[in-house]
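sequence first, predicted model second:
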Amino acid sequence: MKKTLSFFLIFSFFILPIAAQTKPRARDLGIPFDGETGQYNAITDVKGVEVGYTTLISGDGKKAIRTGVTAILPLGKDFKGRVFAAWHTLNGNGEMTGTT
């Protein structure tokens, strides 16, 4: 169990970000899209969309535990209504903590 967890952590924090940085974008491969990219070519270029995040740090030094969350607010932080949402089963069993 400990080896599996160690592998998962190493894969998640080191291998996946490297793979994501070297993957070509669709436009780079010649796939056509309507319109132009925004100034930053990011989700925050879309009018009304806001992105927020927080990082929680518990402890000090090398043993500090860091965790966080990123929230995408499609209609801005002042919107008080409802929007459609969904989730996807990430491990095939539907047992991801907090999803259901």
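Okay, I see it.

and the strands in the protein?
Using DSSP state E, the strands of the chain run over 50-58, 65-73.

buried sites along the first one?
Read that as strand 50-58. Buried residues in strand 50-58, counted by 16 or more other Cβ atoms under 10 Å: E50. From N, CA and C alone the C-beta is placed, and that goes for glycine too.

which residues of the chain score low on pLDDT?
For the chain, applying pLDDT under 70 flags the ranges 1-21, 88-100.

which residues of it fall in helices?
Under the criterion DSSP state H, the chain contains helices at 2-10, 16-22.

circling back: format the strands of the chain as a markdown table; extra columns: distance to F84.
Below are the strands of the chain laid out as a markdown table (distance: least, Cβ to Cβ, whole Å):
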| stretch | distance to F84 |
| --- | --- |
| strand 50-58 | 18 |
| strand 65-73 | 13 |
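
could you measure G76 against P32, distance?
Computed as Cβ to Cβ, to the nearest Å, the G76 to P32 distance reads 30 Å.

appreciated, that's everything.
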